[in-house]
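1. predicted model and sequence follow; I will ask about them next.
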Amino acid sequence: MSFVQRHGLWSDEQREAAVRLARTVEEQKLEVIRLSFPDQHGILRGKTLVAKEALAALESGCTITTTMFAKDTAHRTVFPVFTSGGGFGMREMEGAADVLMVGDPTSFRVLPWAPSTGWLLCDVYFADGRPVPFATRHLFRTVLERLAQRGYDFVAGLEIEFHIFKLEDARTSPADAGQPGEPPEVSLLSHGYQYLTEQRYDQMEGALDIVRRDILALGLPLRSIEVEFGPSQCEFTFKPTRGLEPADTMILLRSAVKQICQRHGYHATFMCRPKLANVFASGWHLHQSIVSRASGENAFMAKEGGEVLSAFGRHYLAGLLQHARASAVFATPTINGYKRYRAYTLAPDRVIWGRDNRGVMVRVLGGPNDPSTRLENRIGEPAANPYLYMASQILTGLDGVDHALDPPPSADTPYETKAPSLPKTLREAVDALEGDTFFRDAFGAGFVDYYVHIKNAEIERFQAEVSDWEHREYFEMF
C-alpha cells in the first residue's frame with residue numbers, strides 16, 4: 001500500500017487527475033517533472049525528478065529536508081536545527097530530518113517555456129502522514145474546510161502590480177555571490193507616468209506578449225494586461241476562482257513570470273518598492289467574496305435598496321477591519337512593503353473602508369442584487385504568501401460574522417478620516433501579531449511563534465546593516 005493510500009491523502013478527483021498526469025507524461029514524452037511546494041514566504045522549493053522517477057514518487061512521496069521550513073528571506077537557516085527539537089520543539093524536525101513532498105495531481109501542468117518539463121505543486125507530510133504544521137498550503141486548505149463546513153466557498157480575483165526591466169548585468173561574478181547576492185543591474189522598458197496609455201503599453205509590449213502567451217499556455221485565468229503609472233510597471237488581473245485555485249495561481253504566476261523574463265533577457269520583480277530612481281511601489285489588491293455552496297449565491301450581495309452589502313457582508317467587512325493590524329504581516333510580510341503605506345498615493349495608510357474609493361484599505365464594490373458584489377482589500381504587497389494572506393482574510397472576516405460586528409461609516413475622505421493607522425514597519429506588524437490572541441487561536445500558537453521567529457530574524461539582519469541613509473546623515477557631519 002502506497003503512502004497516499006495508507007493515509008488517505010487523495011480525493012477521487014486527485015486520483016483521476018493522477019491517471020491523466022501519467023498519460024500526459026507518456027503522450028508528450030516529458031523528460032523531467034519539477035516537484036515544488038510553497039514555503040513560508042510563498043517561494044517554490046523542491047526537486048526535479050526524471051519523469052519515470054517522478055511517476056513512481058506520485059503516491060510514495062519525495063523526500064526533502066525540514067530545513068526548508070527554517071529559512072528566512074535570505075535563505076539563511078534561522079532555527080537551531082541540530083538542537084533538541086530542532087528549534088521547533090518537535091523531534092521530527094531535529095537534525096535536518098526528511099519530510100515527504102506529495103504531489104497534488106490536480107495542479108499538474110506542462111511548462112510552455114521549458115521543453116519536456118512538467119510542474120507539480122506538492123503538500124508536505126511527516127512519515128506518519130501528518131501534515132507539516134508550517135506548510136502554508138495545507139494551512140489554507142484547513143481554513144477552506146472550516147468555511148465549507150458552514151456551507152460556503154471562498155472566491156477571489158487577483159489584481160497584481162509588478163515591474164519588468166531589461167536585464168543589463170545579472171551580476172554573476174564570484175564576488176557578487178552571497179546570501180543574499182548582489183541584485184542585478186537593470187534599465188527601464190518605459191519611462192512611465194502615462195497611466196494606461198497605448199504609447200507606454202506599446203513600449204512594453206514585446207516583454208508583455210512573451211509573458212502573456214506563456215501564462216495563458218500554463219492555464220492561468222488571465223483577464224487583462226495593463227501598464228501602471230510607474231516606469232516599467234505593469235498590472236495583471238485574473239478572473240475570480242474558488243478555493244485553493246486563486247492562491248495556487250498567485251504562486252505559479254510569480255515563479256513563472258520571473259522564469260520567463262529571465263530566459264528572454266528581462267528581470268521581473270514582485271518586490272514592493274525597488275530602490276531605483278523614479279520607480280513606484282506595487283500593490284496586490286485582493287478581490288474576495290463568499291458564496292453559498294448550495295445555491296451559488298453571493299453571501300455579500302444586498303437584496304434591499306440602499307444597502308451596499310448584506311448583513312453577512314457588513315459583519316465580514318467589520319472583521320477584516322477589527323483584525324487589520326494583526327493580519328497586516330500576512331498581507332505585507334517584508335520590510336520593504338511598509339514603505340508603500342503613504343497618504344495620497346492610492347495606497348491605504350489607515351484601517352478604513354469606503355464604497356468604490358481607492359484610497360481606503362477595503363474598497364466595497366457592487367450593490368443591491370449585484371452578484372459581483374465584493375470586497376477589495378488594498379493592503380497587500382505582491383510579495384505576500386497568498387495562502388497566509390487569503391487564510392487571514394477568511395478567518396478575520398468570519399470572526400466578524402460570528403460576533404455580528406458592524407463596520408464604522410464609509411470613509412469618503414480616506415486620508416483625513418480619523419481611524420487606527422496600519423503598521424508603519426514590519427516590526428510593528430510582527431509585534432501586533434505576536435500579541436494577538438485571535439490569531440494564536442485561529443492559526444495556532446505554534447505557527448504564530450514560528451512565523452514571528454522567522455520575521456524577527458529578517459528584521460534583526462536589517463537592523464545590523466549600515467544603510468545609505470546613515471552614511472549620508474552622519475559620515476561628513478560628525
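-> Happy to help now that I have it.

2. ranges for the helices of this structure?
-> Chain-ordered helices for the chain, with DSSP state H as the definition, fall at 3-7, 12-27, 51-57, 136-149, 198-217, 245-263, 311-322, 324-331, 386-402, 426-434, 437-442, 445-464, 468-474.

3. could you redo the ones you listed as JSON lines and give each row mean neighbour count?
-> Just so you know, the C-beta spots here come from the backbone N, C-alpha and C atoms, and that holds for glycine as well. Formatted as JSON lines, the helices of the chain follow (neighbours: other CB atoms under 10 Å):
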{"stretch": "helix 3-7", "mean neighbour count": "16"}
{"stretch": "helix 12-27", "mean neighbour count": "14"}
{"stretch": "helix 51-57", "mean neighbour count": "17"}
{"stretch": "helix 136-149", "mean neighbour count": "18"}
{"stretch": "helix 198-217", "mean neighbour count": "16"}
{"stretch": "helix 245-263", "mean neighbour count": "21"}
{"stretch": "helix 311-322", "mean neighbour count": "22"}
{"stretch": "helix 324-331", "mean neighbour count": "26"}
{"stretch": "helix 386-402", "mean neighbour count": "24"}
{"stretch": "helix 426-434", "mean neighbour count": "20"}
{"stretch": "helix 437-442", "mean neighbour count": "16"}
{"stretch": "helix 445-464", "mean neighbour count": "17"}
{"stretch": "helix 468-474", "mean neighbour count": "10"}
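
4. looking at those, which is closest to Asp72?
-> In terms of CB to CB, the element of the helices of the chain nearest to Asp72 is helix 445-464, at 4.8 Å.

5. for that closest one, C-alpha coordinates in CSV please.
-> Extracted in CSV, the C-alpha atoms of helix 445-464 (Å, rounded to 0.1, in the frame of the first residue of the first chain):
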residue,chain,number,x,y,z
ALA,A,445,0.2,29.5,18.9
GLY,A,446,2.9,27.2,17.5
PHE,A,447,2.5,28.6,14.0
VAL,A,448,2.4,32.2,15.2
ASP,A,449,5.5,31.8,17.2
TYR,A,450,7.3,30.1,14.3
TYR,A,451,6.3,32.9,11.9
VAL,A,452,7.3,35.6,14.3
HIS,A,453,10.7,34.0,14.8
ILE,A,454,11.4,34.0,11.1
LYS,A,455,10.2,37.6,10.6
ASN,A,456,12.3,38.8,13.6
ALA,A,457,15.4,37.1,12.2
GLU,A,458,14.8,39.2,9.0
ILE,A,459,14.3,42.4,11.0
GLU,A,460,17.4,41.8,13.1
ARG,A,461,19.6,41.3,10.0
PHE,A,462,18.2,44.6,8.6
GLN,A,463,18.9,46.5,11.8
ALA,A,464,22.5,45.2,11.8
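
6. ok, and what's touching it?
-> Contacts made with helix 445-464 from outside it, assessed by CB atoms under 8 Å, 6 or more residues apart in numbering, are listed as 40, 71-74, 76, 78-79, 88-89, 133-134, 139, 329, 333-335, 426-427, 430, 433-434, 436, 439-440.

7. who touches Pro348 in this structure?
-> By CB under 8 Å, 6+ apart, the contact set of Pro348 is Tyr341, Gly359, Val360, Met361, Arg378, Ile379, Pro414, Leu422.

8. who are the neighbours in contact with the residue lying closest to the third one once chain neighbours are set aside?
-> Right, Val360. Nearest residue to Val360, sequence neighbours excluded (CB to CB, 6 or more residues apart in numbering): Gly354, at 3.9 Å. Residues touching Gly354, when contacts are defined by CB under 8 Å, 6+ apart, comprise Val360, Val362, Arg363, Val364, Ser410, Ala411, Asp412, Pro414.

9. ok, Val430 next?
-> Listed by CB under 8 Å, 6+ apart, the contact set of Val430 reads Val329, Val452, Lys455, Asn456, Ile459.

10. circling back: now, which of the contacts of Gly354 lie within strands?
-> With strands identified by DSSP state E, the entries of these that belong to them are Val362, Arg363, Val364.

11. and those as TSV, adding neighbour count and distance to Gly265?
-> Putting those into TSV (neighbours: other CB atoms under 10 Å; distance: CB to CB, whole Å) gives the following:
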residue	neighbour count	distance to Gly265
Val362	23	39
Arg363	21	37
Val364	23	42
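
12. show me which of the contacts of Gly354 is closest to Gly129.
-> Set against Gly129, the nearest of the contacts of Gly354 by CB to CB is Val362 (39.2 Å).

13. nearest spatial neighbour of the closest one, skipping sequence neighbours?
-> What sits nearest to Val362 in space, not counting adjacent residues and going by CB to CB, 6+ apart, is Trp353, at 4.1 Å.

14. count of neighbours near the closest residue to Asp349 other than its chain neighbours?
-> Once flanking residues are discounted, Asp349 sits nearest to Tyr341: 4.7 Å by CB to CB, 6+ apart. For Tyr341, the tally of surrounding residues (other CB atoms under 10 Å) stands at 23.

15. how much space is there between Tyr341 and Gly283?
-> Here the criterion is CB to CB, to the nearest Å. By it, Tyr341 lies 10 Å from Gly283.

16. do Asp370 as well
-> Applying CB to CB to Asp370 and Gly283 gives a distance of 24 Å.

17. what does Trp113 give?
-> Distance of Trp113 to Gly283, computed by CB to CB: 27 Å.

18. comparing those two, which shows the higher neighbour count?
-> Between Trp113 and Gly283, counted using other CB under 10 Å, Gly283 has the larger neighbour count: 27 against 18.
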